[in-house]
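In: After the sequence you'll find the predicted model.
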Amino acid sequence: MSSENNRPAECIEDEWLIRNCQVYDEEYSDCTSIKARFHQYFIFGHMINCSQWKRDSINCYKWTEKKDVNAGKELIESEKEKRKDRLLNHVRNNIWKRRKEPPENWNCPLPEYLQKEYENSYLNVKSKEIKGELPPSMDLNTGSCTIL
């Protein structure tokens, strides 16, 4: 087991970045759909290249079915690149100032009108049920709607 390709699958670094192969299939399918192509043309003025999604899907299946370490590493690098692209605008932001600590009044009580609204909210009732402050409600006729 001296070569990199023969290492056990557990040894690949950042393997947790690899998602389910169906996700890559769906991304590729979404990228190549008519709706997506129209959106791409509207936003960018041209249709984008979807080949990376296809390559990710292929590499995912190579990794999951054959434990191809090179395919796994390529897929991980692709995921890191996608993450970098997603965060790029956040990092480049020069409009908003980043906080070093939360505002001083971040945990002050809500104004009275919001407290009154919260008192009868679904979230508050369920919270009290979970804490045992209220018995569980089993009333199914609470005005819910089911569409079959």
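Out: It's in.

In: For this structure, which helix extends over the most residues?
Out: helix 69-92 (DSSP state H).

In: and that helix, what other elements does it pack with?
Out: For helix 69-92, the packing partners by 3 or more Cβ pairs under 8 Å, 6 or more residues apart in numbering; DSSP states H and E come out as helix 51-66. The C-beta positions use only the backbone N, C-alpha and C, and glycine is treated the same way.

In: what sits up against the helix it packs on?
Out: Outside helix 51-66, the residues that touch it by Cβ atoms under 8 Å, 6 or more residues apart in numbering are 18-19, 21, 24-25, 27-28, 31, 68, 71-72, 74-75, 78.

In: Next, the contact list for the nearest residue to Glu13 once chain neighbours are set aside, please.
Out: In this structure, Glu13 finds its nearest non-sequential neighbour in Ile76, 7.6 Å apart by Cβ to Cβ, 6 or more residues apart in numbering. Applying Cβ under 8 Å, 6+ apart, we find Ile76 in contact with Ile12, Glu13, Asp14, Glu15, Leu17, Ile18.

In: Distance-wise, check Ile76 relative to Ile18.
Out: Shown here: Ile76 relative to Ile18, a distance of 7 Å by Cβ to Cβ, to the nearest Å.
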